[in-house]
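# this is a predicted model, with the sequence first.
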Amino acid sequence: MDTSTRQLKLMVYASLMATLTAVGAYIAIPIGPVPIVLQNLFVMLAGLLLGGRWGLTSVGVYLLAGAVGLPVFAGGTGGIGKFIGPTGGYLLGFAAAAYVIGKISERGKGLVAIDVLAMILGTIIIYGLGVSWLKVVTGMSITKAVAVGMLPFLFGDALKIAAAIPIARALRPIITGNLGDLRAVK
């Protein structure tokens, strides 16, 4: 397969993952300043399935769509203001997490244990940026920011990691069969 065809397929897959991330934002349960959403499941899958570069591209497309005002963020909201609001750190954490998950997963060559570790590290990145920003924006203590911005979500994130493994295992052969080695595309 020639490089331009592979690039086009990767763009389509990245766009699809950006769309799924936006759909995940509509599945939101408001419980405080940070809602429960499915976005991070699709962020993890973007990294696992597309690798670091294209996983980051996918999340970047999603963030850009939201920044220009498309209603793709939690609760059907959008706009650049979301990046300076209580959830701005989580949004930026999505990009960093997709990249790190993808890079680790690429090196892990599909080993489940490596993928799980990659997603745990990605989740730590999301919370590190998200909780820190939540603390700064709201002025709450770090203890309170952790209590409202991380603890209520840990069980759900463990379930999302558990769900991402069989999804990635089922979809990887389809995607890699259509693309070959993702790392070969620069």
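Now that the structure is in, tell me what you want to look at.

# for the rest of this, base every contact and every neighbour count on C-alpha atoms.
Will do.

# now the spatially most central residue of the chain: closest residue in space that isn't a chain neighbour?
Taking CA atoms, centre = their mean, the centroid of the chain lies closest to residue 43, which sits 2.0 Å from it. Counting by CA to CA, 6 or more residues apart in numbering, residue 98 is the residue found nearest to residue 43 once chain neighbours are left out, at 5.6 Å.

# what helix or strand is the one you found located in?
Using DSSP states H and E, residue 98 falls within helix 88-108.

# what sits against the residue nearest to the centre of the chain?
Under the criterion of CA atoms under 8 Å, 6 or more residues apart in numbering, the contact list for residue 43 reads 17, 21, 55, 59, 94, 95, 97, 98.

# farthest pair in those residues?
17 and 97 (14.2 Å; CA to CA).

# neighbour count: these two, which is higher?
In this comparison of residue 17 against residue 97, neighbours counted by other CA atoms under 10 Å, the higher total goes to residue 97 at 31 against 27.

# quick check: the residue nearest to the centre of the chain vs residue 135, distance?
23 Å (CA to CA, to the nearest Å).

# before we move on, the earlier item: wait, which of the contacts of residue 43 is closest to residue 122?
residue 97 (4.2 Å).

# can you pull the contacts of that closest one?
Listed by CA under 8 Å, 6+ apart, the contact set of residue 97 reads 43, 44, 47, 119, 121, 122, 123, 125, 126.

# do I have it right that the residue nearest to residue 43 meets residue 42?
No - counting by CA atoms under 8 Å, residue 98 stays clear of residue 42, with 9.2 Å between them.

# tell me which of those two has more neighbours.
Ranked by neighbour count (other CA under 10 Å), residue 98 and residue 42 place residue 98 first, with 35 against 26.

# so what's that one up against?
For residue 98, the contacting residues are 43, 44, 46, 47, 52, 55, 56, 59, 122, taking CA under 8 Å, 6+ apart as the criterion.

# pull the most distant pair out of these.
Within the contacts of residue 98, two members stand farthest from each other by CA to CA: 59 and 122, at 13.2 Å.

# which one of those two has more residues nearby?
A side-by-side neighbour count of residue 59 and residue 122, using other CA under 10 Å, places residue 59 first with 30 against 27.

# report pLDDT for the more buried one.
According to the predicted model, the pLDDT of residue 59 comes to 98.
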